[in-house]
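Engineer: kindly generate the corresponding structure for this input.
(3 chains)
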Amino acid sequence: MDSLLDQSSLFLQQLVNGITLGGVYALIAVGYTMVYGVIQLINFAHGEIYMLGAFLAYTMVTFLGLPFFAAFILTILICSCFGIILDVIAYRPLRNAPRLAALITAIGMSIFLQNLALMIWGSQIKSYPREILPSIFYQTAWGLGEVTLSWLQVFILAITVVSMAILHLIIHRTRIGTAMRAVSLDKTTSALMGIKVNRVISFTFAIGSAMGGMAGILVGLYYNAIFPTMGYIAGIKAFAAAVLGGIGSVPGAMLGGGVLGIAEVIGAGYVSSEYRDGISYAVMIAVILFKPSGLIGRQIGEKA
Amino acid sequence: MMDLKKMQKNPRFFFLGLVFLALLLPWLPMGGSTNYVIRVLTTAVLYMVLALGLNIVPGFTGLLDLGYVGFYGIGAYTSGLLAIHYNMGLWLILPLAALNGALWGILLGAPTLRLTGDYFAIVTFGFSELVVLVIRNELWLTRGPMGLPGIPPPTLFGHPLTRDWEFFYLILFILLIVLAVVTRLQDSRVGRAWFAIREDEIAAQCCGVNLIRYKVTAFAISASIGAMAGAFYAKWFKFIHPDMFKFWESILILCLIVFGGMGSIAGTMLGALILIPLSEVLRAVLPQSLFSARYLIYGLVLVLMMRWRPEGLIPFERAQARKAWQAKERLGS
Amino acid sequence: MKPVLTVTRLSKSFGGLSALKEITLAAHPGQIVGIIGPNGAGKTTLFNCLAGLYSPTRGQIRFQDRAVVPEFSEARAHHIRRCAVLFMALGLVWLPLFWSFFLPAAFFKVELVLLGIFILAMRFSLMRGLMRFQMWAWGLMVLFLLSDLFFAVWWLIRLSPSVHLTGTHIPLRCLAWPWAIGAGVFSIYLMIQLFTRQVRQIYGFRQSPDAICQMGMARTFQNIRLFFNLSVLDNVKIGCHARMKAGVWGALFKTRAQREEEAGVEREAMECLRFVGLEKRAFNLAGALAYGEQRRLEIARAMASRPKVLLLDEPAAGMNPRESSQLIRLILDIREKGITVLIIEHDMRVMMSLADYIYALDYGRLIAEGIPDEIRNNAQVIEAYLGGGPSHAPT
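Structural biologist: Okay, the predicted model is just below:
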């Protein structure tokens, strides 16, 4: 029989890992939820931007020899631009088309990008060289008995928290943030009020993609493995997190990400590790069936 | 001299002509590559069956089903396991697989079909992923990643079917059955109810169409057709493996119907007939590494079609207009 | 004569916005009842409630003496709230017994504590959802009660006599069995309470629009909702849907019954088209029709279900005087067939020549009702809707 300390330390370690993972999911989920808020479209290709972030940073560090932090910043910028390009060429022409058409386009883009990455980088798993980060990152920052928290995890959590804080400030304290909220409530009226709707939408894509790309790099560092189909799996999990928190609500995405990360790690530890991905699918299906508005989100209303 | 006008008025002649041509195909001289061509055509016809099955949900009722490959996999594994453990013949397996597919269609559809389009799409996607996960992990049932080899070939009156042209005729036969089912459904009260749902759900409800019942029916029939196709696939390939039923297959089938024209039966079949042999051409032309990325083209096709010709090659409206015109000619009014 | 349709104190609010407030009206067989009012007064919302597309917040709708929306009973609502609280209490009582069963094996398991707290939290949020009449809470509650029942039965069957309450010599069975029986009976009681039709209707399980169509109420829409990519004849055939019986079996095997039904439906559909004057366009696509023809097609489709009550939502919108005269004749012909008509219209000429009785709405409230002459001279109606003083009223 395990001692009390052994059991609870295993549990706490899982909790710590879960929160870290949850932070990453929250970063990706925020992108999904913001885009859904402004154009009511599930951007399936968002997962691919996350994957692109991971691969771009990898390419820059390995082939171009850039220092890590330069690559980090540059990748975020490129992902941002990429999000805008995605919107302009794929989604904007279909702004007034039926929902089915936009959904199919999103799926098509996702598949296209995954396979493009497959063609460019090959299907083998790659990892970031260990030297790019100072070795302190892999050491324990804080420990309580068996429970450890490495500096890398601290770094990830710190970046997540800071990004969320910045995002919150942008949405609630700046003009463009207010414009974003207006467009997500009523596009037509916003346009009539003089808001340049297309520009706001592009900005939304830019921020969401930046955060998604950042999450990609962080995950690449944390798990030390990147592959072209990572976007697709993480994308679905992040979408589950966004739905869990309430699609269209940014605090909801943050909460949903945290809850899903913890649930996945605990489930994988205590229930079954093969069905690790299945837990996210199950959570998502359960939320959609029973409470589609999520934990925080607004009511999905009726319309005639 | 064949009366072309008469042929146009009565599509049956045109159709019978095509069937006759298809039956002749294996016997046309094509030199040494005959078997290869027949295999390609068998694949094409198999995908025609799959496309017809998927077409019922987004094409007839207007809902996006992203989890179709789940039913394909269920049908294949049902067939493989029944054949290996119970030595059942194909003629018993096909209806059983269809029933299993329909059962899962109802189980999945009943709670989820009241959701809006986006959520329904995601839930179906989650379902197909769960199916693949279960197949991969439940080794006691499906042998998981080791696959299921050694599926015995189908037999007809004791004679095992092993030659390529025999399989071609078999899938052609299945296609004809599925085609009959789909066409009859389309021209009936059930089909009209489905089209009404596709066009305008609210108006359909107010005309007395029970949304849930008809959506679940469509979903179940679509699932059973997918399962039947899977059953054939297991018997033909004689080896199945969870990697054959990835999400990307669903996208491929979706691509076929989007390209050909969602909702129109002829368009769906045409889409499969064009794109599947095309992918074989790609396989011959491209090096192996690029070929595994061929789904890139399918993704691109989806995006481009939605941008420039979302109705597909043979649009739904045109099919309806033609049907109306034919009805008018028949009534003579 | 008994009214064919009665609406009693109907209210509908969307979140904080109340669209309809205590509307009471009645329609008698063979009447043409008019509904007028400025835009946003709630007229289409009223039709949507009648047709079953919206679930009213309060009030009752009776159609041919059958309840479409039953009366909202305060007593019933209070009863539900009590059930919700009892459900929560059941959870609190159950939990210590659950712990005491596992705890002898291991003194303190973090996971168990968390699981217990998690379940309590879920029950609490369910209780709150139930009290706010949310559908998801109703569904999940039933599941929870089933699991309570299952657990109770499991205790009864599997609990061995040797298990003792932690740190004592009392066999757990003495406590567990009475509890299990009580919890089981109570779960069953709660489930029965939740399954009564009145409770289900409060949670939004109202009569669905297709059931209402089958009962005999059909409607047209303010923005034309035709099946544009289908032929005109098919549109009307779909209108007949509710009266037909053929299903998948009949369709697949083309049974004699199905073929006869199809032939009959085709004849009836052509009949409806002839009634509205569209038989020459039967084989065109509905989207290709002119605007006035499309409005007539909607009426033909609604007529195809042989309704007893027909709801027309602004049928004369966008029509010129000649077309609206034809429409007036058409609606009078419909009345000749014995169908009761409720009509929303802004065109006063059409309204005044057709209506036997008019209800006037403004901001969701009924401001006046009466025969057309009374309405025309009613000061409130004039101010809200008709415009100006009596000298400005239309003839």
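Engineer: which outside residues touch stretch B:71-87?
Structural biologist: By Cβ atoms under 8 Å, 6 or more residues apart in numbering or on different chains, the surrounding residues in contact with stretch B:71-87 are B:50, B:88, B:92-94, B:96-98, B:100-101, B:104-105, B:128, B:131-132, B:135, B:141-142, B:148, B:150-152, B:222-224, B:226-235, B:240, B:242, B:244-245, B:249. C-beta: built from backbone N, CA, C; applies to glycine.
Engineer: who are the packing partners of the host helix or strand of C:Phe118?
Structural biologist: Using DSSP states H and E, C:Phe118 falls within helix C:110-131. Applying 3 or more Cβ pairs under 8 Å, 6 or more residues apart in numbering or on different chains; DSSP states H and E, one finds that helix C:110-131 contacts helix A:4-39, helix C:74-102, helix C:135-158.
Engineer: the helix or strand following the longest one and chain B, are they touching?
Structural biologist: What it means is helix A:4-39. Sequence order places helix A:46-62 as the next helix or strand after helix A:4-39, per DSSP H and E. No - Helix A:46-62 is not in contact with chain B by Cβ under 8 Å from any Cβ of the partner chain; minimum separation 10.3 Å.
Engineer: report the rounded mean pLDDT for helix A:46-62.
Structural biologist: Across helix A:46-62, pLDDT averages out at 90.
Engineer: what comes up buried for the helix or strand following that helix?
Structural biologist: Per DSSP H and E, the first helix or strand lying C-terminal to helix A:46-62 is helix A:68-86. Residues of helix A:68-86 classed as buried by neighbour count (16 or more other Cβ atoms under 10 Å in any protein chain shown): A:68, A:71-72, A:75-76, A:78-80, A:82-84, A:86.
Engineer: tell me the angle helix A:68-86 makes with helix A:46-62.
Structural biologist: Here helix A:68-86 points in a direction 140 degrees away from that of helix A:46-62 (axes from the mean of the first three to the mean of the last three Cα atoms, to 10 degrees).
Engineer: by contact count, what packs against the following helix or strand past helix A:68-86?
Structural biologist: For helix A:68-86, the succeeding helix or strand toward the C-terminus, using DSSP H and E, is helix A:99-121. Contact partners of helix A:99-121 among helices and strands, from 3+ Cβ pairs under 8 Å, 6+ apart: helix A:46-62, helix A:230-245, helix B:117-137, helix B:247-260, helix B:295-308.
Engineer: what average pLDDT does helix A:99-121 get?
Structural biologist: On average, the pLDDT along helix A:99-121 is 88.
Engineer: got the CA coordinates for it in CSV?
Structural biologist: Only the C-alpha atoms of helix A:99-121 are listed here, as CSV (Å, rounded to 0.1, in the frame of the first residue of the first chain):
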residue,chain,number,x,y,z
ARG,A,99,-22.0,27.6,-43.7
LEU,A,100,-21.4,24.3,-45.2
ALA,A,101,-19.2,25.8,-47.9
ALA,A,102,-17.0,27.6,-45.5
LEU,A,103,-16.7,24.5,-43.3
ILE,A,104,-15.6,22.4,-46.2
THR,A,105,-13.0,25.1,-47.2
ALA,A,106,-11.6,25.1,-43.7
ILE,A,107,-11.2,21.3,-43.8
GLY,A,108,-9.7,21.4,-47.2
MET,A,109,-7.1,24.0,-46.1
SER,A,110,-6.3,21.9,-43.1
ILE,A,111,-5.6,18.8,-45.1
PHE,A,112,-3.7,20.8,-47.7
LEU,A,113,-1.4,22.3,-45.1
GLN,A,114,-0.8,19.1,-43.3
ASN,A,115,0.3,17.4,-46.5
LEU,A,116,2.3,20.4,-47.6
ALA,A,117,4.3,20.1,-44.3
LEU,A,118,4.6,16.3,-44.9
MET,A,119,6.1,17.0,-48.3
ILE,A,120,8.4,19.7,-47.1
TRP,A,121,9.7,18.2,-43.9
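Engineer: only the buried residues of the helix holding C:Phe118, if you could.
Structural biologist: Residues C:116, C:119, C:123, C:126-127, C:129-131 are the ones in helix C:110-131 that count as buried (16+ other Cβ under 10 Å).
Engineer: next one: stretch C:243-252
Structural biologist: Here stretch C:243-252 shows C:243-244, C:246, C:248, C:250-252 as buried, counting by 16+ other Cβ under 10 Å.
Engineer: quick one on the thing from earlier: give me the distance between the helix holding C:Phe118 and the centre of its chain.
Structural biologist: Offset of helix C:110-131 from its chain centre (Cα atoms, centre = their mean, to the nearest Å): 32 Å.
Engineer: thinking again about what came up before, need the buried residues of helix C:110-131 in TSV with distance to A:Val154 and pLDDT, can you?
Structural biologist: Output for those, formatted as TSV (distance: Cβ to Cβ, whole Å; pLDDT from 0 to 100):
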residue	distance to A:Val154	pLDDT
C:Gly116	32	73
C:Ile119	33	76
C:Arg123	37	80
C:Leu126	38	77
C:Met127	40	78
C:Gly129	38	73
C:Leu130	43	73
C:Met131	43	72
